[in-house]
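Undergrad: Provided below for reference: sequence and predicted model.
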Amino acid sequence: MPRITIDGKIIEAEKGETILKAAERNGIYIPRFCYHPALKISGTCRMCVVEIEKFPKLMTSCSTEVSEGMVIRTDSERVRKARKQILEFLLLNHPLDCPICDQAGECFLQNYYMDWGLYKSRFPLKDKMKKRKRFDAGKHLILDNERCVLCTRCVRFTREITGTNEISVLERGDKSYIEVDEGGINNPYSLNIADICPVGAFTSKDFRFRQRSWFLKRTESICLGCATLCPVEIHHNKGKIYRIVPSQKEHRWLCDEGRLTYHKMDRELRTAIINGNAADLPVALKKGGAIITSSLKDSSVALAGSPYLSIEDNASLAFLAQKLLEISDYTFDFVFKQEIEDGISINSDKTPNSRFLRGFARKHGMKMTELNSKLEKGKFGVFICERKTLLQFFPRIDEKTTVISFAFEPPWKTPFKNEIIFPIPSYFQKEGSFMDFKGKIKKTTPCFPASSKNISEYLREMVGGGNKANKEEEQEFITKLLSEL
Amino acid sequence: MKITKINNRNLSFAEKIYLSEIVKGMIVTARHFFANLFHPSRIITVQYPEKKIPLSEAARFRTRHRLKKRKNGDAKCVACYMCQTACPADCIDIEAGEKEESIAEKYPVKFEIDLSRCVMCGFCVEACPEDAIAMDTLIIPGGAESRQELKLSLESLLLDSAETSERGAVNRRISAMSMQNAERKLKNAK
Ligand code: SF4
Ligand code: SF4
Ligand code: SF4
Ligand code: SF4
C-alpha cells in the first residue's frame, strides 16, 4: 500500500493505482478529456497533468501509477499554467457553437474554460480551421467534426466495448479529424458515444435540441427494457421525459433500445377502451364489474400475472385471485433463458421480472400451458391480464371470453372480440421492485405522479368484495414476500 | 437624524364649517369642465390604452420586445434558451427546431413572451449571445382585453425589424412609427 501525498494530503493508495484514480477517491478532481473509467487509458489530451516532486516534467495523472512516497501537486502555478495552455490549444480551432450546441451546460470544455481558461482568444476567427459540420453518423447519432477535441473516447469505445470499429482518426496535426465508416455507427450501443463524448461533437438525434441540459431534473431508476435491469438516470422536466442515461453511481453501457423506452410515455393511455373505442372509466368499470360478477357465479374467471409487472403488482394479483376472486385458474408461470449474449448489457430475456416469477410460480398458480389450452377451448367467461403479456403469450383466446386487460403501452388496437382495457401507470410514474437476472432486487423511482390507478384498485372496484380481501392483509402479504426474497 | 415635526395650521371657522370650501372646489371642477367642453383640443389627458402618446425618439426606456432578423429574413435568434434561463418572471417559452439550409442549424419554432407576466427587466436582452432580442420598439405594452393578446408570438416579435445586421449593434432603436405601422398591419391582417 504505497503512501502518497496529494496537495499536502496524505493518502493510502492501492498498489498499481493511477494518480488520477487515487486523487478522485479522495475527493480531489483532476480535469480530463480522454480518460474514462470504463475505457482503456490513452493519455492523448494532456489535460490531467500534475506536478510530481523529483520529476523534471509534468506527468499525465491518468497513466502514471503511484509509488511509495510520491509528492504530487495538482494546484501549483505550473499545473494551472499548463491546463490553461492546453485549453487554449484545444480551443484554437473550436467553433463558437455553444448557443446551438446540445452539450452546453455539461460540456467539459466549457466547464474547464470557466475554471482554468478565462483568457482572451489570440486566434483570429478567420484563421480557424474549417471542418465538416453536422452530418449523419448513424441511426441515432450526428457528428460535428469542428467541435471534436480528438480525445479518442469514441474510437476506443467501438474498439474495446462493441468491437465494431466504425470510428477512426484520420490525418495529422490540426487537420486530423474523426472519420465514421460508410454506413454509419449502427451498433446497438451507439448512443453511449453521445454520452462519453466530452464535448458536443457526437450528439443524439433523439435528444437533439429538445431541451437544454440545465433545465433537466435527474431521477435515479432502473431500465426495464430487459432482465439486466441496468441502473439509469432519467432526465425529465415539467412532467416530460427527455432522455435516459447511465446512472452516475454504477456505470453500465445502456443499449439504444432501452434508452428509447421512455417514448411510450408520449402515447400514454388516459381513458378506458372498450372493443377498440375510447370509453369513460366509470362505464368501463361497470361493464367489467358486471361480466366478472356473472362469470364468478359459474367460476369461469381466469387470471395471469405478468413478467412486465413489478413484484408488488404480481403479488397483489396473486392475493386478489386467492382472496377476492377465490379462483384457482391463474398462472404466474413465465420462464425464459436469461443470459447476456454479447457480454455487454443486452439480455436475451426481454422481460424485466421473469426471474422473480420463476420462484413465485412454484408456490402460486398453475402451469401456463395448462391455462392457455383451457383459454383456447373457451372454458372461461373472463380473462384478466396485463396487456403486453396478453398480446405476447395468450394470442389465441376463444371468442366467447371477455378479456379485461391493463395497459401502459400501445398498440391500442385489439385482436380480440371483446376486450376492455384500463389505463395503468408505467414505472416511470410509480415505484416497483424487480428481480434482475442475477437475483438482485432493484427498484424504480417515480419521476412524476401517476395519472391512473393500479390494477388492484380497479379489481376491487369491479368486484366490490367489501371486506373479503382487505388492504392491510394484502400489504402484509407483499411485505412478507419482499422480505423473504 | 434631525426630526422635523410639522404642525398643520388650525382651520379657521369658515373652513371648519366646510360650506365655503365645497363651493371653492366646485368652482375649480366647473372651470375645467367647461374649458374641456368648449375647447376639447386642449385636453391634456389621453384615452389610454385606445390612444397613446408616442414616445420621443430619444427616449431610452425598455419597451416591448422584438426579435431581430438576418439579411435573408430569418430570425437571428438561434433558440439557445439563454433568455428563457435568465428571465426572472419565467415568461419566455421557446421551442427549438432544426433547419438544413441556414446560417445556424438551430432556430426557434416557437418563441412566446407572455407580457402579462414580464417585468420589463431587460435580462433577456442582456443574456442573449446573438444580440437577437431587443426592447427598443418604444411601444409600452398594456391595456389588452384578454391575456391572449398579451402573448407575443414569434410572428409579432419579428415584425418589420428594420435592423437586419448580421452582428454587432447594441439595441439600436428602430423608428417607433414604423413599428406601430407594422403592428396595425398585423391587426388588419387578422
Ligand atoms: S462542445 Fe462545448 S465548448 Fe464546444 S460548442 Fe459545444 S458546448 Fe461549446
Ligand atoms: S468525437 Fe468526441 S469522443 Fe470522439 S474523439 Fe472527438 S471529442 Fe472525443
Ligand atoms: S424583460 Fe425580464 S421579465 Fe420580461 S421577458 Fe425579458 S427577462 Fe423576462
Ligand atoms: S437568448 Fe437570444 S438567441 Fe438565445 S433564445 Fe433568447 S433571443 Fe434567441
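TA: Right, received. Where do you want to start? Note that the structure is a prediction, hence the values are computed from the model and not measured. Ligands and ions are numbered 1, 2, ... in the order given.
Undergrad: helices or strands next to the one helix or strand A:Ile86 maps to in the packing?
TA: If you go by DSSP states H and E, A:Ile86 is part of helix A:77-91. Secondary-structure packing of helix A:77-91 (3 or more C-beta pairs under 8 Å, 6 or more residues apart in numbering or on different chains; DSSP states H and E): strand A:49-52, helix A:108-112. C-beta here means a position set from N, CA and C on the backbone, and glycine is covered the same way.
Undergrad: and the last one, which residues are buried?
TA: If I follow you right, that is helix A:108-112. Residues A:108-110, A:112 are the ones in helix A:108-112 that count as buried (16 or more other C-beta atoms under 10 Å in any protein chain shown).
Undergrad: Keeping just the C-alphas, turn it into CSV.
TA: Taking Å, rounded to 0.1, in the frame of the first residue of the first chain, the C-alpha atoms of helix A:108-112 are listed here in CSV:
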residue,chain,number,x,y,z
PHE,A,108,-16.0,19.5,-20.3
LEU,A,109,-14.5,22.2,-22.5
GLN,A,110,-16.9,24.9,-21.3
ASN,A,111,-16.6,24.0,-17.7
TYR,A,112,-12.8,23.8,-17.7
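Undergrad: hmm, that helix touching ligand 2?
TA: No: shown here: helix A:108-112 not in contact with ligand 2 (C-beta under 6 Å from any ligand atom), separated by at least 8.9 Å.
Undergrad: For that helix, give me every contacting residue.
TA: In this structure, residues lying in contact with helix A:108-112 by C-beta atoms under 8 Å, 6 or more residues apart in numbering or on different chains are A:31-33, A:47, A:83, A:87, A:90-91, A:94, A:98, A:103-104, A:149, A:198-199.
Undergrad: Make TSV out of the buried residues of helix A:108-112 and add distance to ligand 4 and pLDDT.
TA: Output for these, formatted as TSV (distance: C-beta to the nearest ligand atom, whole Å; pLDDT from 0 to 100):
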residue	distance to ligand 4	pLDDT
A:Phe108	22	96
A:Leu109	20	96
A:Gln110	16	95
A:Tyr112	23	96
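Undergrad: I'd like the residues you listed as CSV, with distance to A:Ser176 appended.
TA: Shown next, in CSV, are these (distance: C-beta to C-beta, whole Å):
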residue, distance to A:Ser176
A:Phe108, 19
A:Leu109, 17
A:Gln110, 22
A:Tyr112, 21
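Undergrad: Could you dump the helices and strands packed on helix A:77-91 into JSON lines with distance to A:Thr158 added?
TA: Output for these, formatted as JSON lines (distance: least, C-beta to C-beta, whole Å):
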{"stretch": "strand A:49-52", "distance to A:Thr158": "27"}
{"stretch": "helix A:108-112", "distance to A:Thr158": "20"}
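Undergrad: ok, back up a step: type out the ChimeraX command that picks the buried ones from the contacts of helix A:108-112.
TA: Listed next is the ChimeraX selection for buried residues among these, using 16+ other C-beta under 10 Å:
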select /A:31,32,33,47,83,87,90,91,94,98,103,104,149,198,199
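Undergrad: Just the contacts of helix A:108-112: which are in helices?
TA: A:83, A:87, A:90-91 (DSSP state H).
Undergrad: Output those residues as a markdown table; include the columns pLDDT and distance to ligand 3.
TA: Putting the ones in helices among the contacts of helix A:108-112 into a markdown table (pLDDT from 0 to 100; distance: C-beta to the nearest ligand atom, whole Å) gives the following:
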| residue | pLDDT | distance to ligand 3 |
| --- | --- | --- |
| A:Arg83 | 96 | 35 |
| A:Leu87 | 95 | 31 |
| A:Leu90 | 93 | 33 |
| A:Leu91 | 93 | 30 |
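Undergrad: Could you identify the most distant pair in the residues you listed?
TA: Pairwise distances across those peak at 12.3 Å for A:Arg83 and A:Leu91 (criterion: C-beta to C-beta).
Undergrad: what's the closest residue to B:Ile139 other than its chain neighbours in contact with, if anything?
TA: In this structure, B:Ile139 finds its nearest non-sequential neighbour in B:Arg64, 4.1 Å apart by C-beta to C-beta, 6 or more residues apart in numbering or on different chains. Shown in contact with B:Arg64 (C-beta under 8 Å, 6+ apart): B:115, B:135, B:137, B:139-141, B:152.
Undergrad: May I have the phi/psi pair for B:Arg64?
TA: The phi/psi pair for B:Arg64 (degrees, to the nearest 10) reads phi -50, psi 140.
Undergrad: Per-residue pLDDT of it, please?
TA: Reported pLDDT at B:Arg64 in the predicted model: 86.
Undergrad: So which bits of chain B are right by ligand 2?
TA: Within chain B, no position is adjacent to ligand 2 by C-beta under 6 Å from any ligand atom.
Undergrad: Surely A:Pro423 and A:Glu409 touch.
TA: No: with contact defined as C-beta atoms under 8 Å, A:Pro423 and A:Glu409 do not form a contacting pair (10.4 Å).
Undergrad: Please say which of the two ends up with more neighbours.
TA: A:Pro423 (21 against 18; other C-beta atoms under 10 Å in any protein chain shown).
Undergrad: what are the phi and psi angles of the more buried one?
TA: Here is the backbone geometry of A:Pro423 (degrees, to the nearest 10): phi -80, psi 130.
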